[in-house]
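Q: Generate a structure from the sequence data that follows.
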Amino acid sequence: TASVVVLPGADEAEFTLDENDVRIDTFRASGAGGQHVNTTNSAVRATHLPTNTVVSIQDERSQHRNKAKALELLARRVGG
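A: Predicted structure coming up:
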């Protein structure tokens with residue numbers, strides 16, 4: 001027997017991270033990608049220093065896109 005409960009989702013709250021509370025580290029992505037992953041530091045690790053919450057993203061080939069995704073996810077985790 002299984003039960004399912006459906007709850008209304010929370011509205012997205014406006015939460016902004018203070019730049020001084022976040023440390024951004026870049027590193028080389030692992031996995032498939034051939035020579036490209038060996039030459040660029042496209043993976044991003046964002047750390048929220050007050051809570052020590054860490055998010056690592058290496059989905060995209062672009063460091064800028066990975067950084068944006070990491071900061072968005074970090075804001076959701078810390079602010080949520």
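Q: where are the low-confidence patches of the protein?
A: Where the chain drops to pLDDT under 70, the residues are 1, 3, 7-15, 31-39, 80.
Q: Closest to the centroid, which residue in it?
A: A70 (2.3 Å; Cα atoms, centre = their mean).
Q: hang on, it is in a strand, isn't it?
A: No - the assignment for A70, made by DSSP: H, G, I helix; E, B strand; the rest coil, is helix rather than a strand.
Q: What residues does it make contact with?
A: The contact partners of A70, by Cβ atoms under 8 Å, 6 or more residues apart in numbering, come to I24, V44, R45, A46, V55, S56, I57. Where you see a C-beta, it was placed from the backbone N, CA and C, and this is true even at glycine.
Q: make it 6 Å
A: Taking Cβ atoms under 6 Å, 6 or more residues apart in numbering as the criterion, A70 is in contact with V44, A46, V55, I57.
Q: so which strand or helix has the first one?
A: Assigned by DSSP states H and E, V44 falls within strand 43-48.
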